[in-house]
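Engineer: Mind folding the following:
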Amino acid sequence: MLSVLFYLTARKAAEYYPVIIASGRKNRIDLTIQHAVIYLYAMVKGQMRLHESLRSLGNNAQIYGEAAFELGFIARDMEMGRSSVQAIESLIASTPSRKMEDFLKGLISVINSKGDLTDYFRLKSIQYHREAETEQKIFLEMLGSISEAYVVAVVAGPMFLIVVGIVMGMAGSAGSQAMLYPVVYGIIPIASVFFIILIYSLSRTSSESSMIFIREKELNVFKDIQLIHSDPEKVMEFRGNLQKNEMLKKLRNPFRIFFLDPSKALYAGIIIGAIFIVYAVLNEKMTASGEYLLLGSVIAMFPFMIFYEARSYRIRMIENRMPDFLRGLADASESGMTLLKSIEMILISEAGALTSEIRKVWRETKWGSPISQSLIRMSIRVRTPWMTRIVSLIVKASEATGNIAMVMNIAAEEAHTDKKLKQEREAITIIYVFIIYMTYFCFLFIAVILSKSFLPMMPQSGNQVSLDGIKLLMFHAASLNGFFSGLMGGLIAGGKIESGVKHSIIMLILTYLIFKFII
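Structural biologist: Modelled structure (predicted):
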């Protein structure tokens, strides 16, 4: 009987597995098709043929995501001998995305009617931009409903049950305290994780990392000249000097590694936090159970929070100024000004985090480096998918056309579109974060009222509830709520759970201070 049940379950799972995979690919295609179409628009406008544009897009699938990977199949089929229409029809039959299917059907109509591909890609990019705005509005409305449900189920609900348990204890009900353990240690963490997974599954924010791959070519200009092998000792000495210089560079700025990768700061913080917890337990420095865990968690997260927020702030400032920078380069190029002079003029009026990056681009360009290579190096330094996508668009489109102003205008438009969507999300989600904070403050306020007004009366009521046990439960409930509410706030506002670490630290510190000095 069990074997039959297992067989049926496995068979049903095997039937649904392709559906799940196709659904995931559909969502990733719909999320990235706008950027892929803008890339095709820039390539075709630069007089690149459709086949070459699709092949270039497919080669950059690590940057432009699933839609670029999907469209790359067209170029592959065309290289195998199929016509463009046949290759597109083959992809229509296999793609799981309705949006991609509609785009490809329109593309066939344009090809068959000998229409203008540039206008088609331009109109489609505008259409997908408007659809992205509509989808974000729908998502934000859904996000508001989810955040309200979270506040009720995870923050307000457990406090209500704690109050009910105290009242039942005051009335002499046995076992009222025991029923609170599943609420505090079960419902709060499980429900919080459920809501976090739910928002992740519904989120329209791409969290995939991307990077530019640089192809190196072998130098064969002097291939006919005989090579003279160098002295092995001098080679080892040269390599040793390089390693020494690299080590000295790291020692001069030991925190640079944490700034570039804040997760390494988290590992260091976990080690320091664990040492603190062990020391506190062995020496019994904490008076209440759980205090060392709370403070140890804060210590573990604090280094990550510092470096992550510093890096995020710098990247946010750079991305906010990037559309104006690209637009300025385009306007200067259209007026006949040289690219080097254009960058120099922008440096005079530019301020903020972007200034240092522009100055590096200007210096490298002045020394003879192509603007495309200088921008690639800037993208590597910033290390964000957004910047990588913009730089890749500029570099590849510049290779297709000498009209740098046109390329900069298209890149500036995409940067402005992404910036606008981010600003709209931040303006709305900040309200949801404020609601989470206010609800949590109400949680702490009720805990203070209970400890000062109701709990002192309990010994006179013949109750069955332990006074210290209730306070400990409230402390643990507040700590768990503070930790998960902070992560929820960051996920709602920024689309990343990492941005919620600062909220968790604030709430945990506030919880410790109130329960240490007031309750």
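Engineer: So which residues of the stretch 251-400 of the chain form strands?
Structural biologist: Counting by DSSP state E, counting those that start in this stretch, the stretch 251-400 of the chain has no strands at all.
Engineer: Can you list the residue ranges for helices in it?
Structural biologist: 256-260, 262-283, 291-334, 339-349, 353-366, 371-382, 385-400 (DSSP state H, counting those that start in this stretch).
Engineer: Of these, which is nearest Ser94?
Structural biologist: Across the helices of the stretch 251-400 of the chain, Ser94 has its closest neighbour in helix 385-400 (25.6 Å, CB to CB). C-beta: built from backbone N, CA, C; applies to glycine.
Engineer: Give the next helix or strand downstream of that closest one.
Structural biologist: Once helix 385-400 ends, the next helix or strand along the chain (criterion: DSSP states H and E) is helix 404-449.
Engineer: name the helices or strands packed onto that next one?
Structural biologist: Counting contacts by 3 or more CB pairs under 8 Å, 6 or more residues apart in numbering; DSSP states H and E, helix 404-449 packs against helix 2-45, helix 117-150, helix 157-170, helix 291-334, helix 385-400, helix 467-494, helix 501-517.
Engineer: related to what we said a few turns ago, tell me which of the helices of the stretch 251-400 of the chain sits nearest to Glu426.
Structural biologist: In terms of CB to CB, the element of these nearest to Glu426 is helix 291-334, at 9.9 Å.
Engineer: Remind me what that closest one packs against, helices and strands.
Structural biologist: helix 256-260, helix 262-283, helix 339-349, helix 353-366, helix 385-400, helix 404-449, helix 467-494, helix 501-517.
Engineer: Out of the ones you listed, flag the one nearest His51.
Structural biologist: helix 385-400 (13.0 Å).
Engineer: what does that closest one contact?
Structural biologist: By CB atoms under 8 Å, 6 or more residues apart in numbering, the surrounding residues in contact with helix 385-400 are 35, 38-39, 42-43, 45-48, 56, 60, 63-64, 206, 208-212, 315, 318-319, 322, 326, 371-372, 375-376, 378-379, 404, 406-408, 410-411, 414-415, 418.
Engineer: again, only this time at 7 Å
Structural biologist: The contact list for helix 385-400 (CB atoms under 7 Å, 6 or more residues apart in numbering) reads 35, 39, 42-43, 46-48, 56, 60, 63-64, 206, 208-212, 319, 322, 372, 375-376, 379, 404, 407-408, 410-411, 414-415, 418.
Engineer: Show me which of these are buried.
Structural biologist: 35, 39, 42-43, 46, 48, 56, 60, 63-64, 206, 210, 212, 319, 322, 372, 375-376, 379, 404, 407-408, 410-411, 414-415, 418 (16 or more other CB atoms under 10 Å).
Engineer: what's the distance between Phe69 and Ile33?
Structural biologist: 11 Å (CB to CB, to the nearest Å).
Engineer: The two: which has the busier surroundings?
Structural biologist: Ile33 (26 against 19; other CB atoms under 10 Å).
Engineer: how near is that one to Arg314?
Structural biologist: From Ile33 to Arg314 the distance is 30 Å (CB to CB).
Engineer: Hmm, Leu266 is touching Ile306, no?
Structural biologist: No. Checked against CB atoms under 7 Å, the pair Leu266 and Ile306 is beyond contact range at 10.8 Å.
Engineer: That's all I had, so thanks and see you.
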